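**Q** Output the structure for:
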Amino acid sequence: MGLFAGRTLQDPHCGDQTCKLCGRTSPLISATLKLCLECIRTRPADALRIAESVHAGVRRRYDLPGSPPRTVNGVKCPLCARECQIGEAEKGYCGLRTVRHDRLVNLAGTPQCGILEWYRDPLPTNCVADWVCAGRRQSGGHSLAVFYASCTLDCLFCQNWHFREASPDRSRGVTAKELADTANSETFCVCFFGGDPASQMPHALATARHLANQGVAVCWETAGTSNPKMSDLALQLSLESGGCIKFDLKAFDAVLHTVLTGGSNRRSLENFARAARQASERLDPPLVVVSTLLIPGYVDAEEVARIAGLIASLDPGIPYSLLGFAPHFYMADLPRTSVRHAEEAQAAARSAGLRNVHIGNRHLLGHDY
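**A** Numbers count the residues shown, from 1 in each chain. Reported below is the predicted structural model:
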């Protein structure tokens with residue numbers, strides 16, 4: 001599911017690219033990163049140094065901080081894993097928080113103002129959990145798809161990168177009540193995604209409460225970087241309303257995750273683990289679902305096996321969707337995920353102990369490698 005899924009930021013580079021660290025060339029090396037997977041795994045300090053510079057450059061193009069601010073005596077923002085220490089007139093990593101007169105100011109993401117777009121998505125729809133969620137059995141109704149135009153990560157492969165062009169200065173905010181009031185008798189479920197709802201969780205949670213009280217199933221698609229208390233509230237709303245929370249676990253390896261997304265996966269894995277321990281409280285439809293994007297050259301069967309091993313250690317019945325990659329944003333020069341790659345990843349996830357592994361976005365799969 002994605003409002004801007006059809007849009008691509010074109011990269012002029014194509015063909016084989018060269019790794020800065022080892023000199024290897026391959027069509028599976030990103031022209032933006034110029035790092036191969038082997039060097040990311042075996043030379044982590046060097047890979048992180050290069051990736052930090054790349055991410056800072058990308059974010060400058062969108063007038064966003066190159067890294068989370070760490071101003072001495074700055075005001076701490078508690079909303080997500082970035083834990084920004086924001087100085088006077090600085091912006092937080094997500095671009096939605098600043099400090100004025102030593103006080104944290106929310107430019108958006110509160111119940112009074114969400115920066116987002118929404119639309120009615122006819123059911124059954126192409127969501128991450130479409131093969132297991134309750135919406136697959138609905139026909140004639142719709143999902144209220146809520147796309148938050150902000151994020152707590154900086155994924156170079158972002159499939160919905162266009163949200164970076166929104167800002168509190170240029171976008172009209174929507175209150176949680178106004179958004180909830182768009183639901184009607186045909187609204188079966190709501191899905192908060194983006195970007196990521198983590199950067200605007202107070203708004204998302206307020207909207208979700210209104211909708212749950214109207215009998216709407218509450219679902220989330222998130223990388224899991226939000227404040228743990230807010231993540232737990234989101235899970236509880238899904239449990240009570242009949243919805244699900246879909247964790248997008250991008251990588252298990254901490255260095256690989258940082259290279260690809262600009263941020264740590266520690267909070268994501270912690271929030272997921274806590275949710276997974278409650279997954280058995282409702283099996284049909286499943287309360288917790290996991291997805292991973294199969295990025296050619298970077299998220300291979302080995303990485304999938306490690307993610308699947310974590311999931312299986314917590315609850316082997318949790319559904320796991322492996323998603324085909326379409327060339328986008330600053331990884332637009334990579335090929336589409338190959339059929340062979342997807343099938344090897346699926347076999348690896350099953351071998352790690354998972355019982356329900358699905359290949360999603362099959363229409364995107366190719367045969368280039």
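**Q** Please name the residues that touch the residue nearest to residue 77 when sequence neighbours are not counted.
**A** Closest residue to residue 77 apart from its sequence neighbours, by Cβ to Cβ, 6 or more residues apart in numbering: residue 84 at 4.6 Å. Placement of C-beta: from N, CA and C, glycine included. Neighbour list for residue 84: 68, 69, 70, 74, 76, 77, 92, 93, 97 [criterion: Cβ atoms under 8 Å, 6 or more residues apart in numbering].
**Q** again, only this time at 10 Å
**A** Neighbour list for residue 84: 65, 67-71, 74-78, 90-94, 97, 99, 104, 152 [criterion: Cβ atoms under 10 Å, 6 or more residues apart in numbering].
**Q** Looking at those, which are in helices?
**A** Cross-referencing the contacts of residue 84 against helices under DSSP state H gives no overlap.
**Q** Filter the residues you listed down to the buried ones and hand me the PyMOL line.
**A** Burial among the contacts of residue 84 is assessed by 16 or more other Cβ atoms under 10 Å; the matching PyMOL selection reads:
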select buried, resi 65+68+69+74+75+77+90+91+92+93+94+97+99+104+152
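**Q** where does this structure have low pLDDT?
**A** For the chain, the stretches flagged by pLDDT under 70 are 1-14.
**Q** do that again at 90, thanks
**A** 1-16, 126, 137, 139-140, 159, 165-172 (pLDDT under 90).
**Q** got a list of what the spatially most central residue of it touches?
**A** Geometric centre of the chain, nearest residue: residue 223, 4.0 Å, by Cα atoms, centre = their mean. By Cβ under 10 Å, 6+ apart, residue 223 lies in contact with 80-81, 151-153, 155, 194, 196-198, 247-250, 257, 261, 263, 265, 267-268, 271-272.
**Q** So which of the residues you listed sit within strands?
**A** Counting by DSSP state E, those place 194, 247, 248 in strands.
**Q** neighbours around the closest residue in space to residue 32 that isn't next to it in sequence, how many?
**A** Leaving aside its sequence neighbours, residue 32 sits nearest to residue 330 (Cβ to Cβ, 6+ apart; 4.2 Å). Residues lying near residue 330 (other Cβ atoms under 10 Å) number 22.
**Q** Does residue 330 touch residue 62 like I think?
**A** No. At 11.6 Å, residue 330 and residue 62 do not qualify as touching, with contact defined as Cβ atoms under 10 Å.
**Q** Between those two, which contacts overlap?
**A** Common neighbours of residue 330 and residue 62 (Cβ under 10 Å, 6+ apart) are 154, 161.
**Q** Could you list which residues are in contact with the closest residue to residue 316 other than its chain neighbours?
**A** In this structure, residue 316 finds its nearest non-sequential neighbour in residue 353, 5.0 Å apart by Cβ to Cβ, 6+ apart. Listed by Cβ under 10 Å, 6+ apart, the contact set of residue 353 reads 305, 308, 309, 311, 312, 313, 316.
**Q** Would you mind putting the CA coordinates of the strand or helix carrying the second one into CSV?
**A** In the assignment (DSSP states H and E), residue 308 maps to helix 301-314. As requested, the backbone C-alpha atoms of helix 301-314 are provided in CSV (Å, rounded to 0.1, in the frame of the first residue of the first chain):
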residue,chain,number,x,y,z
ALA,A,301,18.6,-14.8,1.9
GLU,A,302,21.1,-14.7,4.7
GLU,A,303,19.7,-11.5,6.1
VAL,A,304,16.2,-12.8,5.8
ALA,A,305,17.1,-16.0,7.6
ARG,A,306,18.4,-13.9,10.6
ILE,A,307,15.2,-11.8,10.7
ALA,A,308,13.1,-15.0,10.4
GLY,A,309,15.1,-16.6,13.2
LEU,A,310,14.3,-13.8,15.5
ILE,A,311,10.6,-14.0,14.6
ALA,A,312,10.5,-17.8,15.0
SER,A,313,12.2,-17.5,18.4
LEU,A,314,9.3,-15.4,19.6
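**Q** So for that helix, what gets flagged as buried?
**A** Counting neighbours by 16+ other Cβ under 10 Å, helix 301-314 gives 301, 303, 304, 305, 306, 307, 308, 309, 310, 311, 312 as buried.
**Q** and if you look at stretch 166-178?
**A** Buried residues in stretch 166-178 (16+ other Cβ under 10 Å): 166, 167, 168, 171, 173, 174, 175, 176.
**Q** does residue 33 count as helix, strand or coil?
**A** coil (DSSP: H, G, I helix; E, B strand; the rest coil).
**Q** what's the closest non-adjacent residue to it?
**A** Residue 33 sits nearest to residue 54 (Cβ to Cβ, 6+ apart), 6.0 Å away.
**Q** again with residue 283
**A** Per Cβ to Cβ, 6+ apart, closest to residue 283 is residue 317, 6.9 Å.
**Q** give me every residue that touches that neighbour.
**A** Counted by Cβ under 10 Å, 6+ apart, residue 317 has contacts 279, 280, 283, 286, 288, 311, 354, 355, 356.
**Q** Let me know the closest of the residues you listed to residue 187.
**A** residue 286 (21.2 Å; Cβ to Cβ).
**Q** Tally up the residues packed near the closest one, please.
**A** Residue 286 has 21 nearby residues by other Cβ under 10 Å.
**Q** State the pair within the buried residues of stretch 166-178 that is farthest apart.
**A** Greatest spatial distance among those (Cβ to Cβ): 167 and 176, at 19.9 Å.
**Q** which secondary structure elements does the longest helix along the chain contact?
**A** In the chain, with assignment by DSSP H, the single longest helix is helix 44-60. When contacts are defined as 3 or more Cβ pairs under 10 Å, 6 or more residues apart in numbering; DSSP states H and E, helix 44-60 sits against helix 37-42, helix 254-261.
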